Every structure is written in structure tokens, then in C-alpha cells.
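Student: Have a look; sequence and predicted model below, questions after that.
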Amino acid sequence: MSIAEQFRITKAFQIKEANAKKKLLGAAADDKNEAKAADRLATLKFAGQIEELQNLLYAEHDRKLLIILQGMDTAGKDGTVKGVFGQINPLGARTVAFKAPGTDDKNHDYLWRVHREVPGKGEITIFNRSHYEDVLITRVHDWIDAAECKRRYAQICDFERMLAETGTVILKFFLHISKTEQKARLEERLADPDKHWKFDPQDLAERKYWDAYQEAYENALLATDADHAPWYAIPADSKTQRNLVIASIVHEKMLGMKLKYPPGNPDFAKLKVE
């Protein structure tokens with residue numbers, strides 16, 4: 001079984017608190033600090049190999065790679081971008097952090113602002129949050145009803161299928177953090193003035209809807225998982241485990257793309273540099 005298959009959701013997928021704490025990859029050292037250090041080194045190695053593969057993707061200039069990161073506040077979307085994709089050449093990679101839609105966004109369909117940001121040929125684009133906010137927070141707060149949510153599931157599936165059919169490899173990661181761990185991370189931010197810039201009081205308000213969010217995530221993932229746009233449930237209580245799993249899957253999938261440099265130009269053999 002591949003690493004990706006180990007974390008791919010199934011039709012029986014359920015969000016369970018205990019699964020956020022699982023350690024399924026990496027070092028099995030008795031000393032927790034030693035295990036974390038070993039996992040960081042393994043992630044760093046994968047990150048370097050991903051950077052090399054990204055060079056091939058950029059040179060090939062045909063296919064694209066879209067990484068979607070979704071999860072509750074403090075689940076580690078920013079940490080994943082830094083830990084897994086931080087070595088990639090900025091010329092061939094972008095991170096898009098979707099915030100609340102602005103006035104211009106609201107004047108268009110909800111996928112309008114998303115479609116503008118998908119990767120071009122040879123690019124890796126990482127979505128820090130995504131179009132899935134439009135079936136998560138909107139549903140939790142009853143800004144859309146069940147019927148509209150179901151329509152959006154179908155529209156998202158159609159959108160992602162179109163991307164896949166036009167050369168985009170899509171990998172979707174649900175960063176599964178437990179309610180207990182989120183509490184600890186929010187408290188850590190409040191306790192340290194140097195981390196206050198990370199803290200948003202709205203996070204406390206949204207935390208009150210925890211159970212509703214878990215249900216919304218479960219429904220959305222099950223409704224939109226597909227072979228061309230798979231969902232992976234990533235245990236995120238451990239930052240090192242989260243990064244190692246995602247790096248492993250991305251590396252595995254990029255190897256599977258069998259990327260190659262384009263053929264050399266025979267006419268260049270006649271040229272001389274004076």
C-alpha cells in the first residue's frame with residue numbers, strides 16, 4: 001500500500017478526535033524529542049526532493065500541481081507551507097491565502113476568485129484555505145441551506161474535474177486537529193505577546209461551533225472526494241507528523257507523474273558562444 005493510500009479517506013470516513021493524535025509514519029523512538037527530530041530530518045529530505053521535482057515540472061511546462069490545505073484554525077496550514085514547500089523556487093510556486101470574500105468577489109459566483117488563482121503550466125500552487133470555505137463556514141452559520149450546499153458540492157466536483165482534465169494534478173489535505181490541541185495552541189498564542197499577531201478573537205467565536213464544523217467537514221470531504229481530486233486526512237496534533245505525512249504524499253505523487261526535461265534542441269549544437 002502506498003503512503004497516499006494509507007491516508008486517503010474512504011466512503012466510511014468519520015472525523016474522530018483520537019485520529020488527530022495518531023502517529024503512522026516516521027521514527028518510532030522511545031524518546032519523543034528524538035522521534036520529532038528524526039521526523040524533521042525526514043521531512044527536510046523530502047522537501048529537498050520536492051524542490052528538485054518542481055524544477056522538472058517547471059521545465060516540462062505542461063502539467064500543473066494544486067495543493068489544497070483545509071483545517072480548523074491552528075491546524076497548521078501556514079506551518080505546512082513553510083515546512084514542506086519552503087524550499088521551492090518562488091518562480092514556479094505560489095501560495096494563495098483565501099480570506100473572506102470582498103465586494104468584487106461577492107459580485108461574482110463563489111468560484112470566480114478561486115479559478116483565477118489555479119496554477120498555470122509548470123506551476124505548483126498551494127491554497128491556504130480554498131473554495132471549500134463556501135461549503136463549510138457558510139453551512140455552519142446557515143448562510144446557505146442544505147439544498148444549496150448540495151448544489152455546491154456538485155459544482156465543486158465539476159470544477160475540479162475540469163481542472164484535472166486540463167492537466168492539473170490535485171491533492172487535497174484535511175489537517176485533522178483535535179479540539180484539545182486547538183485549545184492548547186490558542187492558549188499558547190494568548191500567553192506569548194510575540195504570538196499575538198497570530199491570534200484572531202474570531203477564532204474563539206468559531207470554536208463554539210466545533211461540532212458543527214466537524215459535521216460540515218465530514219460531509220464536504222465525502223461528497224467531493226474523487227480519484228482525480230482525492231482527499232487525505234492528515235493527523236495534525238503533531239506538527240512534525242503532519243509535515244512528514246504531507247511531504248511524503250506530495251513526493252510520492254510527483255514521482256508518479258514521471259516528470260522529464262523536454263527534449264533538447266538539435267539546432268543548438270550548431271551555435272557557438274564567442
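Tutor: Arrived safely. Numbers count the residues shown, from 1 in each chain.

Student: part of a strand, is residue 66?
Tutor: Yes: counting by DSSP: H, G, I helix; E, B strand; the rest coil, one finds residue 66 located in a strand.

Student: On the three-state scheme, residue 88 is what?
Tutor: coil.

Student: so how many other residues sit close to it?
Tutor: Look at residue 88: counted by other Cβ atoms under 10 Å, it has 23 neighbours. Every C-beta, even on glycine, is put in place using the N, C-alpha and C of the backbone.

Student: got it, and the one 10 residues further on?
Tutor: Counted with other Cβ under 10 Å, the burial measure for residue 98 works out to 17 neighbours.

Student: Could you do the one 10 residues further on as well?
Tutor: Residues lying near residue 108 (other Cβ under 10 Å) number 12.

Student: what's the answer for residue 256, then?
Tutor: Neighbour tally, residue 256, other Cβ under 10 Å: 11.

Student: just residue 267 next, same as before
Tutor: 7.

Student: Helix or strand: which one has residue 149?
Tutor: Applying DSSP states H and E as the criterion places residue 149 in helix 146-165.

Student: Please apply the same query to residue 53.
Tutor: Per DSSP H and E: helix 32-60 holds residue 53.

Student: Show me what the helix holding residue 149 packs onto, helices and strands only.
Tutor: helix 137-140, strand 168-176, helix 210-224 (3 or more Cβ pairs under 8 Å, 6 or more residues apart in numbering; DSSP states H and E).

Student: now, of these, which is deepest in the fold?
Tutor: Ranked by mean neighbour count under mean count of other Cβ atoms under 10 Å, the helices and strands packed on helix 146-165 are led by strand 168-176, which reaches a mean of 23.

Student: Could you tell me the angle between it and helix 210-224?
Tutor: 150 degrees (axes from the mean of the first three to the mean of the last three Cα atoms, to 10 degrees).

Student: who does strand 168-176 pair up with?
Tutor: Looking at strand 168-176 with DSSP bridges, its partner strands are strand 64-71 (parallel), strand 231-235 (parallel).

Student: Cool, thanks, signing off.
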